[in-house]
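1. based on what follows, work out the 3D shape:
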Amino acid sequence: MEKIVLKIDDLACPDCAAKIGEVLRRKNGVAHAEVGFMSGKLNLSYDPQIISLDEIKKTVAKLGYEAK
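-> Numbering: from 1, shown residues only. Here you go, the predicted structure:
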């Protein structure tokens, strides 16, 4: 399991942050995904053999945000 922290800028509201975490947690291979609205940090645990970091970033981009 890989653990990583990504930065998500310009979150519009706490519900937006929660939605990103919710969508990521539904992805196969993601064990934990939580976004702090105030910090803009995505704390993520995932299995790189099941899902790539690039796929995770694309999922966040589909929600209108950039994960770096």
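2. mind listing the helices for the protein?
-> Assigned by DSSP state H, the chain shows helices spanning 14-25, 53-62.
3. got those as CSV, with mean pLDDT columns?
-> Listed next are the helices of the chain as CSV, based on pLDDT from 0 to 100:
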stretch, mean pLDDT
helix 14-25, 95
helix 53-62, 96
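4. of all the ones you listed, which lies closest to Lys41?
-> helix 14-25 (9.7 Å; Cβ to Cβ). For the C-beta atoms, the positions are set from N, CA and C on the backbone; glycine is no exception.
5. so the closest residue to Leu53 other than its chain neighbours bridges to which residues?
-> Once flanking residues are discounted, Leu53 sits nearest to Ile4: 7.2 Å by Cβ to Cβ, 6 or more residues apart in numbering. Using DSSP bridges, the bridge partners assigned to Ile4 are Leu44.
6. neighbours of Ile4, how many?
-> Applying other Cβ atoms under 10 Å, we find 13 residues neighbouring Ile4.
7. so what's the residue nearest to Ala31 when sequence neighbours are not counted up against?
-> Spatially, and ignoring its direct neighbours in sequence, Ala31 is nearest to Ser45 (4.3 Å; Cβ to Cβ, 6+ apart). Contacts for Ser45 (Cβ atoms under 8 Å, 6 or more residues apart in numbering) come out as Met1, Glu2, Lys3, Val30, Ala31, His32, Ala33.
8. excluding chain neighbours, what is closest to Gln49?
-> Using Cβ to Cβ, 6+ apart, the closest residue to Gln49 is Gly29 (7.7 Å).
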